[in-house]
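J.: generate a structure from the sequence data that follows.
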Amino acid sequence: MQKQFDVAALGEGMLEFNQTRPGEPQYLQGFGGDTSNAAIAAARAGARSAYITRVGADTFGSALLDLWRREGVNTSAVQRDAAAPTGIYFVTHGNSGHEFSYLRAGSAASRMTPLWLSSGSETGSNSAIGVQEKGRATSPADVIAASAILHLSAITLAISLDACDTAFAAMAHAKESGTRVSFDSNLRLKLWPLARAQACIAHAVCLCDIFLPSLEDMVTLTGLTDPVQIVDWSHAHGAQTVVLKLGADGALVSDGQQRQHVNGQRVTVVDATGAGDCFCGNLLARMALGDDVFIASRYANAAAALAVQGYGAVGPLPCADRVVSAMNATNNAEAVV
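T.: Have a look, this model is predicted:
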């Protein structure tokens, strides 16, 4: 069945304040939220992209809506909440890399519920304001059913119990609608205890078709350190396709039948914020547009290498022409594992 959207993502979009000069009180205002970044990355890669979330009826919520619309991301399943704020996070940089601090407790996105997912509104609430896209508001469930791929991450599972239930309901609805499910491990232990993260992420892996974990996350979640064993673990828990992100070492890709290693690229890293989201969005866009997972992973790897060369989660996300040029300039040989 022909789908209206190539990639829809569900999660929390946020305002970003990035400390571009370590130790100095200057912050570059941008935008973030892992699945929002992925939806924008997919749109810049040429995919028909949509985002599913709640934002505050505040200036920051308006700024996010303006961003998504500028980027060509459909907002018909975005709802504004007059009783809760839009989330904010801060990025600082030091010798150990980048670190996140959050102001997102009680945010509009954390108030997502399974009822909202199916109806686009909350029964008995007068605080919800539907966002109009092409003359009408659409329920999140409708957008999921109209998408080739639904993308979620563990951060959405972590921001509230209701959001976790909503994410699992979204995954189940996608399965019923013939929509493939993508899941990013994106572990943030500032948001929830490790034991709960392990249980919820394992359940999400059972429900997804495409699992996109990072090596760092999986070492913490499983205790395994060997990438091959981590891919085996992921398949054993139900994921059909696994792309293990290895940072500077590239990625290990498996479709359940064969495996390939995508080599990392040597670049000067300015800010790794959102690099994994860039990888996910570009990979899913290319898969939705017809590439197999191995070709899509090479494209996503090149895109992520470009993204880490600028500050912020959204600003450095590359468009398709830059990625293609970078791939043409790089001899990125693959090795069969």
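
J.: list the buried residues for stretch 277-293?
T.: Of all the residues in stretch 277-293, those buried under the rule 16 or more other Cβ atoms under 10 Å are 277-289, 291, 293. Using the backbone N, CA and C atoms, a C-beta is placed for each residue, glycine as well.

J.: then stretch 20-38?
T.: The neighbour-count check on stretch 20-38 (16+ other Cβ under 10 Å) flags 30-38 as buried.

J.: over to stretch 233-248?
T.: 233-235, 237, 239, 241-247.

J.: check stretch 260-273 too.
T.: For stretch 260-273, by 16+ other Cβ under 10 Å, it's 260-265, 271-273.

J.: likewise for stretch 141-160?
T.: Quick answer for stretch 141-160 (16+ other Cβ under 10 Å): 141-160.

J.: those residues in strands, which ones?
T.: Within the buried residues of stretch 141-160, residues falling in strands by DSSP state E are 147-153.

J.: rebuild these as a markdown table, extending it with pLDDT and distance to Gly94.
T.: Shown next, in a markdown table, are these (pLDDT from 0 to 100; distance: Cβ to Cβ, whole Å):
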| residue | pLDDT | distance to Gly94 |
| --- | --- | --- |
| Ser147 | 98 | 39 |
| Ala148 | 98 | 40 |
| Ile149 | 98 | 36 |
| Leu150 | 98 | 35 |
| His151 | 98 | 30 |
| Leu152 | 98 | 30 |
| Ser153 | 98 | 25 |
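
J.: now, among those residues, which is nearest to Gly23?
T.: Ser153 (30.4 Å; Cβ to Cβ).

J.: pLDDT wise, what is the residue nearest to Ala84 when sequence neighbours are not counted at?
T.: With Cβ to Cβ, 6 or more residues apart in numbering as the criterion, Ala84 has its nearest non-adjacent residue at 4.2 Å, and that residue is Ala108. Per-residue pLDDT puts Ala108 at 97.

J.: just Thr225 next, same as before
T.: Thr225 is given a pLDDT of 97.

J.: next: Asn95.
T.: For Asn95, pLDDT reads 70.

J.: what distance do you get for it to Asn263?
T.: Here the distance between Asn95 and Asn263 works out to 27 Å (Cβ to Cβ, to the nearest Å).

J.: what does Ala313 give?
T.: Counting by Cβ to Cβ, the gap from Ala313 to Asn263 is 24 Å.

J.: contacting residues around Leu194?
T.: Shown in contact with Leu194 (Cβ atoms under 8 Å, 6 or more residues apart in numbering): 220-221.

J.: export stretch 141-158 as PDB, just CAs?
T.: Presented in PDB, the C-alpha positions along stretch 141-158 are these (Å, rounded to 0.1, in the frame of the first residue of the first chain):
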ATOM      1  CA  ALA A 141      -2.500   7.200  15.000                       C
ATOM      2  CA  ASP A 142      -3.500   8.300  11.500                       C
ATOM      3  CA  VAL A 143       0.000   9.600  10.700                       C
ATOM      4  CA  ILE A 144       1.500   6.400  12.000                       C
ATOM      5  CA  ALA A 145      -0.700   4.400   9.700                       C
ATOM      6  CA  ALA A 146       0.100   6.700   6.800                       C
ATOM      7  CA  SER A 147       3.900   6.200   7.200                       C
ATOM      8  CA  ALA A 148       6.300   3.600   5.800                       C
ATOM      9  CA  ILE A 149       8.500   3.700   8.900                       C
ATOM     10  CA  LEU A 150       7.800   4.900  12.500                       C
ATOM     11  CA  HIS A 151      10.900   5.900  14.500                       C
ATOM     12  CA  LEU A 152      11.100   6.100  18.300                       C
ATOM     13  CA  SER A 153      13.800   6.100  20.900                       C
ATOM     14  CA  ALA A 154      14.400   5.100  24.500                       C
ATOM     15  CA  ILE A 155      14.300   8.700  25.600                       C
ATOM     16  CA  THR A 156      10.500   8.800  24.900                       C
ATOM     17  CA  LEU A 157      10.200   5.700  27.100                       C
ATOM     18  CA  ALA A 158      12.100   7.500  29.800                       C
END
